[in-house]
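1. Here is the input, now give the coordinates:
(one chain, ligands or ions: 1)
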Amino acid sequence: MDYTITRLTPHTGAEIDGLDLNRGVDDETRVALNRAFADHHVLVIRGQQFTPPQFIAAARIFGDLFQHDKREMHVPGYPEIYYVSNEQAVPGKRYISGETFHTDHSNHPVPPKATMLFPVSLPSYGGDTQYVNMHLAYDELPAETKERIDGRKAIHVYLSKFSPRELRPLSADSAQKVPPPGIHPLVRTHPENGRKALYLNPVRIEGIVGMKDDAALDLVAELMAHAIQTKYEYRHQWRHGDFVIWDNRSVIHKANPDYDMNERRYLYRLMLKGETPV
Ligand SMILES: [Fe+2]
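-> The predicted structure follows:
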């Protein structure tokens with residue numbers, strides 16, 4: 001198949017042009033896309049036009065669907081597809097999901113390897129998604145810090161009491177289905193590209209095994225301050241037709257509420273099953 005893969009920064013993100021995923025992909029292209037995903041961490045596949053079932057079919061090129069915790073928030077008629085929208089008001093304030101850096105659903109013992117978005121409505125400016133490369137952030141840590149965190153594990157819950165922001169409460173039914181906390185290494189090794197990465201999520205990390213809360217919080221804050229430097233970043237400016245898939249094992253991400261909240265921002269969202277972080 002005739003398409004191009006172009007880096008978006010030297011370290012994170014690649015743009016793919018010339019593919020219409022609704023026409024399906026051959027085996028060779030499927031392998032190449034999955035390789036590009038492992039190598040570039042964020043793929044921006046331009047020019048797609050998806051109905052909800054077509055979005056699901058495109059997602060399956062990269063793996064099997066992972067069920068969202070917040071089951072009540074799905075696209076009407078499609079329980080598999082969650083959505084991101086700035087119309088989800090809480091009293092007195094619009095709620096912007098993902099407003100600080102995080103990795104998705106790390107409270108699961110086997111968290112999702114990937115998340116995908118496809119825009120339905122975009123504001124006329126703003127609303128970018130920022131990613132930082134946790135492989136590179138790990139590589140460039142001082143040797144002393146690498147030694148200090150080697151073998152450490154963090155406890156990830158649905159919403160940490162130390163979270164910098166609130167999450168919307170789950171419905172009773174969804175809350176019942178949330179699994180026990182995920183106990184994950186601070187440094188994980190990517191099963192496909194073989195690189196080590198920091199695995200951090202201040203929204204969900206409730207503690208670090210064997211450390212007092214104050215020390216654990218200080219350590220997470222220190223590692224996050226290092227990781228979110230601009231030099232590790234790819235910032236995605238959304239265009240209609242962008243099918244974006246990112247690797248939750250390689251990057252953390254955040255949304256930006258820097259647009260006119262009278263404009264609608266609405267995207268379909270899917271995740272893919274991953275593996276136990278090691
Ligand atoms: Fe997210």
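2. So what's the residue count around residue 215?
-> 12 (other Cβ atoms under 10 Å). Every residue, glycine included, has its C-beta placed from N, CA and C.
3. Next, the buried residues of the helix or strand hosting it.
-> Residue 215 is located in helix 213-227, with elements delineated by DSSP states H and E. Within helix 213-227, the residues that count as buried by 16 or more other Cβ atoms under 10 Å are 216-217, 219-220, 223-224, 226-227.
4. which residues sit against that helix?
-> The contact list for helix 213-227 (Cβ atoms under 8 Å, 6 or more residues apart in numbering) reads 101, 132, 134, 137, 140-141, 145, 148-149, 152, 154, 162, 186, 198, 200, 202, 205, 207-208, 211, 252.
5. just the buried members of the residues you listed?
-> Using 16+ other Cβ under 10 Å, the buried ones in the contacts of helix 213-227 are 101, 132, 134, 137, 141, 149, 154, 162, 186, 198, 200, 202, 205, 207-208, 211, 252.
6. ranges for the strands of the stretch 151-278 of the chain?
-> 153-156, 182-185, 187-189, 196-198, 205-208, 233-236, 243-247, 251-255, 266-272 (DSSP state E, counting those that start in this stretch).
7. Select the helix or strand of the chain having the lowest average pLDDT value.
-> strand 89-90 (a mean of 58; mean pLDDT, DSSP states H and E).
8. Would you mind measuring the gap between the ends of stretch 136-145?
-> Stretch 136-145 stretches 14 Å from its first residue to its last (Cα to Cα, to the nearest Å).
9. contact partners of it?
-> Outside stretch 136-145, the residues that reach it (Cβ under 8 Å, 6+ apart) are 11-12, 146, 149, 187, 195-198, 222-223, 226-227, 229, 232.
10. Closest to residue 111 out of those?
-> residue 197 (13.0 Å; Cβ to Cβ).
11. Tell me how far the closest one lies from residue 185.
-> 10 Å (Cβ to Cβ, to the nearest Å).
12. what's the answer for residue 5, then?
-> 31 Å.
13. In terms of packing, which of residue 197 and residue 185 has more residues around it?
-> When residue 197 and residue 185 are compared for neighbours, residue 197 comes out ahead with 28 against 17, by other Cβ under 10 Å.
14. Spatially nearest residue to that one (excluding sequence neighbours)?
-> residue 134 (4.0 Å; Cβ to Cβ, 6 or more residues apart in numbering).
15. same check, this time on residue 166
-> Nearest to residue 166 is residue 159, by Cβ to Cβ, 6+ apart, at 7.6 Å.
16. and what of residue 43?
-> That would be residue 245: by Cβ to Cβ, 6+ apart, it lies 5.1 Å from residue 43.
17. Could you count how many residues lie near that neighbour?
-> Neighbour tally, residue 245, other Cβ under 10 Å: 26.
18. Please name the bridge partners of it.
-> Residue 245 has these beta-bridge partners by DSSP bridges: residue 43, residue 116.
19. how close does it sit to residue 117?
-> In terms of Cβ to Cβ, residue 245 sits 8 Å off from residue 117.
20. Then residue 190?
-> 21 Å.
21. Tell me if stretch 96-113 is near the ion.
-> Yes - contact between stretch 96-113 and the ion, assessed by Cβ under 5 Å from the ion, occurs at 98, 104.
22. Alright, calling it a day.
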